[in-house]
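Visitor: have a look at this prediction, sequence included:
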Amino acid sequence: MVVAESHPRVFLIAKSGASVPVRVHIDKRARRVSVRIDTMAREAVATAPAARHALDALSFATERVDWIAERLGALPPPIAFRPGVYIPLRGVIHRLKQAEGGRTVKIDRTSAPTPLILVPGPREAFADKVRAFLRASARIDFAERVAVHAETLKVTPRSIAIKDMRSRWGSCSSEARLNFTWRLVCAPPFALDYVAAHEVAHIKEMNHSAKFWKQVERCYPDWREARTWLHERGSALHSIGD
């Protein structure tokens, strides 16, 4: 077995020909050491109830390195932004295409059978332009849905930021600052809408109590279906743009 630390609390475990990233997480609420797969971060998470049990959690993960490698290997392969690649936008498959002329990224919905995302500029800037376009699109969608849900709950978010988040879909600080991952603009609109409602509800309830879920339901009654979709299919979103 070989263990190498690549980042604070993230280790690379190599055993029997398999090499997997494992993040050690301390959770005082945990009763025992455990291992799970974080499909968004594409790594295993070894949880320990206290810092003194961190090595125990790492050893526990090492015993299951083959299982971890199998689960990580089953995740969707990364999708790079390059001409000819197909990506979803608001749940609809589009094809990326290098545009001749122009300055801004545009969508051609007249193209059959698949809409096009036309990307101008030099080839070396192609991926950055696609990513910027998706972030801008996500900002528009989140701003719209957050405004609707904030009005429903009579709360006022202090800011909305679109980030390249890997460990969660969104977050809400105690100062009512909302953060969201841009990759949700690739999902069907109901998934983005649910996450917007979820984080706005945290402005009222900074927990996941029954009171919190009542606030979510006020904003988005079908939240259970959206949460299930993200749980079952959300990992594919995090393969986009790698």
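Guide: Yep, that arrived. Residues are numbered from 1 along each chain as shown.

Visitor: what are the contacting residues of the helix or strand that contains residue 229?
Guide: Following DSSP states H and E, the helix or strand that holds residue 229 is helix 223-233. Contacts of helix 223-233 with the rest of the structure, by Cβ atoms under 8 Å, 6 or more residues apart in numbering, involve 169, 187-188, 190-191, 193-195, 197-198, 213, 216-217, 220. The C-beta positions use only the backbone N, C-alpha and C, and glycine is treated the same way.

Visitor: pLDDT averaged over it - what is it?
Guide: This predicted structure assigns helix 223-233 an average pLDDT of 95.

Visitor: try stretch 178-193
Guide: 98.

Visitor: low-scoring stretches of the protein, by residue?
Guide: Counting by pLDDT under 70, the ranges of the chain that qualify are 1-8, 16, 242.

Visitor: so how far is residue 95 from the residue located most distally from the centre of it?
Guide: Of all residues in the chain, the one whose C-alpha sits farthest from the chain's mean C-alpha position, using Cα atoms, centre = their mean, is residue 101 at 32.8 Å. Relative to residue 95, residue 101 is positioned 19 Å away (Cβ to Cβ, to the nearest Å).

Visitor: hang on, the earlier thing: centre of the chain to the helix holding residue 229, how far?
Guide: Between the mean C-alpha point of helix 223-233 and the mean C-alpha point of its chain there is a distance of 13 Å (Cα atoms, centre = their mean, to the nearest Å).

Visitor: tell me which other helices or strands the longest helix seen in the chain touches.
Guide: In the chain, taking DSSP state H as the definition, the longest helix is helix 126-153. Packing contacts for helix 126-153, counted by 3 or more Cβ pairs under 8 Å, 6 or more residues apart in numbering; DSSP states H and E, involve strand 86-89, strand 92-98, strand 116-119, strand 159-163, strand 177-181, helix 189-204, helix 210-219.

Visitor: given the first one, what are its sheet partners and their directions?
Guide: The reference is to strand 86-89. Each strand that pairs with strand 86-89, with its direction, by DSSP bridges: strand 92-98 (antiparallel).

Visitor: who's in contact with the longest strand anywhere in the chain?
Guide: Among the elements of type strand in the chain, defined by DSSP state E, the one spanning the most residues is strand 18-26. By Cβ under 8 Å, 6+ apart, the surrounding residues in contact with strand 18-26 are 6, 9-13, 35, 38, 41-51, 54, 57-58, 61, 65-66, 68-69, 72.

Visitor: could you report the neighbour count for residue 152?
Guide: For residue 152, the neighbour count with other Cβ atoms under 10 Å is 15.

Visitor: what about it, distance to residue 68?
Guide: From residue 152 across to residue 68, the span is 41 Å (Cβ to Cβ).

Visitor: again with residue 136
Guide: As judged by Cβ to Cβ, residue 136 and residue 68 stand 36 Å apart.

Visitor: got it, and residue 230?
Guide: Using Cβ to Cβ, we find residue 230 at a distance of 22 Å from residue 68.

Visitor: over to residue 48?
Guide: As judged by Cβ to Cβ, residue 48 and residue 68 stand 16 Å apart.

Visitor: over to residue 164?
Guide: Residue 164 is 24 Å from residue 68, where distance means Cβ to Cβ.

Visitor: give me the buried subset of the contacts of helix 223-233.
Guide: Members of the contacts of helix 223-233 that pass the buried threshold by neighbour count (16 or more other Cβ atoms under 10 Å) are listed as 169, 187, 191, 193, 194, 195, 197, 198, 216, 220.

Visitor: I'd guessed the first one sits against residue 197; true?
Guide: Read that as residue 169. No - counting by Cβ atoms under 8 Å, residue 197 is not a contact partner of residue 169; they are 11.6 Å apart.
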